[in-house]
Structures are given as structure tokens and as C-alpha cells.
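Peer 1: Model the following, please.
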Amino acid sequence: MSRAIGLAGFSGAVGLAMLAAVGPVARWSGVSPTVLEMCVLPFLLNAVNIAVIAWALRHYEGRRLTAAAVGLWPIRWETRYSAFSVNWKAWLAFPVLLVVALGPLHRWSVDAVWHVLPGPGWSADSTPAILRGALPIHMTVGLLAFELLIRLPFSVLVEEAFMSGFLYPRLGPWAFVNVGLVGCAYHLFQWWTIPYLLPYGIAMGLLRRRFGNPWPNIGWHYATNAIYFCTLVK
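Peer 2: Numbers count the residues shown, from 1 in each chain. A predicted model of the protein is given here:
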């Protein structure tokens, strides 16, 4: 668990450094910081995440980075299912956790954290302004297509390969809870979202536990992010 938090925290710290650099780079290049955040930062950060996974596999387990090493292939499905298993309870806990994470707590927690430690106003990631419908840039069809067809598939695949693929089976019997805690460290560069990401991360951990592989998490993660960006089109 300490190694997992360390690896995820390193990624989060790199994300913080990149976020801090967006403003100066935007002023130097003349490109909107929101565009840099949406179209450049994810590729740089996820390249780092791939390197972190590769380093951890080689350093701790003497293995190369492959689809099998991060659980993406071959696809194995969880078959155990009884009234006493976590799998069964997941169907009850999963929607409850989502309601907690994405219901009133979503906006309230973002407002509360932003009030204490505000983030960059140009960020497109669930800031108070975004939650009230004020995107700092105009979401065009071309930008939306880039998000849905290029950026989101890459970002979601790498994040879930990190969390639900590589780390999850190494987090012990309480992995479905631990992965939510590790996910908070991973999202340090989006600190204002962490309060609602904790129950959301546990819900994703239960989804991973129920099906036994990362692909349902990848599909759910992509679908929710895609819906979010579609709502930004005016």
C-alpha cells in the first residue's frame, strides 16, 4: 500500500508541477491555458504514468511492461458470486457510492475545497465555474471530436491500466477500498475534486472486484467523461 501511494503520489506531484507550468507556457506561446490543459497536459502526464508503471514492474518484480503485466490481456472474468461475497454487495454499494460522489456532495465539496485552496480558474476539470456551466473557452465540434476520439481514450486507458490493472491486484483483500485512497494521491493535481473522488474511486474498485478485470472500469470511465464533455458543448 505504501508503495502504491508513493507511485500514485509521484504521478500526482508531477501533475501538480505540470499544472503550475501551464500558465507561464500559455503566456509564452499565446495558446489558451484551458486548451493546453485539455490537449497537451494529459499526453505529457500519461507518458510519465506509463514510465512509472514500467519502472515499478522492472524494479519490484523484474518484469517488462506488457498488456498482461497490467491486467489488460488476456481478459479474465470473475465468476464467484454469492450472497456473502463482495461481488454481491457491490451491486448495492456501487450506485449508493455514485450518488454520494456525484450528487450534492459533488458541487458542495468542490466549492468548499476551492474556497480554502482555489485552483486555476482556466481549468476545465470540474471547477465551481464549470459546474455552473461557464467553460473558459468555446467547445467546438473539432475540439469535442479530439477529446472523444484521441485524448479521452488514451487518458482513460492509461489511468485505468495504472489503477485498475497494475495496482489493484497488488493492494490486498481490501483493494476495492485501497484503490480509492490511492486514487486520491494520483489526483493531487486536481485537489479540489478529491473529496468526491474518494467514494467514486471506491465505487470503481467495487466494479473492478465484481468483474475481475479493468475493462468494465475503462468503459464506465470513458462513458462518464465523454458525457461530461458533451455537456460542455453550447
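
Peer 1: give me the number of residues near Val100?
Peer 2: 17 (other C-beta atoms under 10 Å). (Each C-beta comes from the backbone N, C-alpha and C, glycine too.)

Peer 1: dump the residue contacts of the nearest residue to it once chain neighbours are set aside.
Peer 2: Leaving aside its chain neighbours, Val100 sits nearest to Pro199 (4.7 Å; criterion: C-beta to C-beta, 6 or more residues apart in numbering). Pro199 makes contact with Leu97, Leu98, Val100, Ala101, Leu105, Gly180, according to C-beta atoms under 8 Å, 6 or more residues apart in numbering.

Peer 1: ok, the second one touching Gly201?
Peer 2: What it means is Leu98. No. Between Leu98 and Gly201 there is no contact under C-beta atoms under 8 Å: 11.3 Å.

Peer 1: More neighbours: those two, which one.
Peer 2: For Leu98 and Gly201, the more surrounded residue by other C-beta under 10 Å is Gly201, and the numbers stand at 25 against 16.

Peer 1: what helix or strand does that one sit in?
Peer 2: helix 194-211 (DSSP states H and E).

Peer 1: Then Thr34?
Peer 2: Following DSSP H and E, the helix or strand that holds Thr34 is helix 33-39.

Peer 1: what mean pLDDT would you report for the helix or strand following that helix?
Peer 2: Proceeding N to C from helix 33-39, the next assigned helix or strand is helix 41-56, under DSSP H and E. Taken as a whole, helix 41-56 has a mean pLDDT of 97.

Peer 1: how much does the helix or strand following helix 41-56 deviate in direction from helix 194-211?
Peer 2: The helix or strand immediately downstream of helix 41-56 is helix 86-102, counting by DSSP H and E. On the basis of axes from the mean of the first three to the mean of the last three C-alpha atoms, to 10 degrees, helix 86-102 is oriented at 160 degrees to helix 194-211.

Peer 1: What lies in contact with stretch 3-12?
Peer 2: Identification of contacts with stretch 3-12 by C-beta under 8 Å, 6+ apart yields 45, 48-49, 52, 56, 60, 162-163, 167, 170-171, 178, 181-183, 185-189.
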